[in-house]
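Undergrad: quick one, fold the following:
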Amino acid sequence: MDPYAILGVPRGCSRDRVKEVFRTMVQQAHPDHGGDSEAFVLLCTAYRQLLAELDARDEADRTPPRDWHEPAPSAPPVRREDYLAWMRQVARESARRRAAPWWRRHPREARAGLLGLIGLVGCLVFAAAMALGMRSTAPGARHAVRARSSPAIRSAPAESPIDRTANSADRRF
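TA: Modelled structure (predicted):
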């Protein structure tokens, strides 16, 4: 099987010419477009063989034969300034490629969003405290609420601070 004869291209043609001819022939030979499936498989096989042959030819052209007894060519000496300039260029390019996070690009919006989130959490904590029945922590306010709500506390006589300490001492024993 000669891939050049199947595709109808001359020997030594370019890769672009092979691709162009293959694309026009595939449109005619494809089974979905009314072509023969065996002819399509043969065409694809010839195309792959021809590309592999062209790749091998290009690889042989790129690598010149070298005598293994001669030493490999040495690299030219590198100056320190050239190396530093190259490192700066690499740093600039990598910094350009790396995108900054959105909060660095938009600090005002980030700050406003964070403050809004803190305010929302504060409102949620306050709403939860109110739902659980918690009231102000001021001592006078707590006792006043209890006195209004319970009739037993309202009718009880007020104790002096001395009586309270005496009652609490009696209760301990």
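Undergrad: pop the domain breakdown of this structure in here.
TA: Using automatic domain parsing, the domain parsing of the chain gives 3-62, 113-157.
Undergrad: redo the ones you listed as JSON lines? Include mean pLDDT.
TA: Listed next are the domains of the chain as JSON lines, based on pLDDT from 0 to 100:
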{"stretch": "domain 3-62", "mean pLDDT": "85"}
{"stretch": "domain 113-157", "mean pLDDT": "72"}
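Undergrad: now do the same end-to-end measure for stretch 30-44.
TA: According to C-alpha to C-alpha, to the nearest Å, stretch 30-44 extends 10 Å from its N-terminal end residue to its C-terminal end residue.
Undergrad: oops, could you answer that again for stretch 59-74 instead?
TA: 23 Å.
Undergrad: re the thing from before, closest to residue 82 out of the domains of the chain?
TA: In terms of C-beta to C-beta, the element of those nearest to residue 82 is domain 3-62, at 27.2 Å. Every residue, glycine included, has its C-beta placed from N, CA and C.
Undergrad: how long is the closest one end to end?
TA: From the first residue to the last, domain 3-62 extends over 24 Å; the measure is C-alpha to C-alpha.
Undergrad: what does stretch 30-42 give?
TA: By C-alpha to C-alpha, the extent of stretch 30-42 from end to end equals 11 Å.
Undergrad: please apply the same query to stretch 28-35.
TA: 6 Å.
Undergrad: so which residues of the chain form helices?
TA: Counting by DSSP state H, one finds helices in the chain at the ranges 3-7, 15-29, 37-62, 80-97, 102-105, 107-131, 139-149, 151-155, 161-172.
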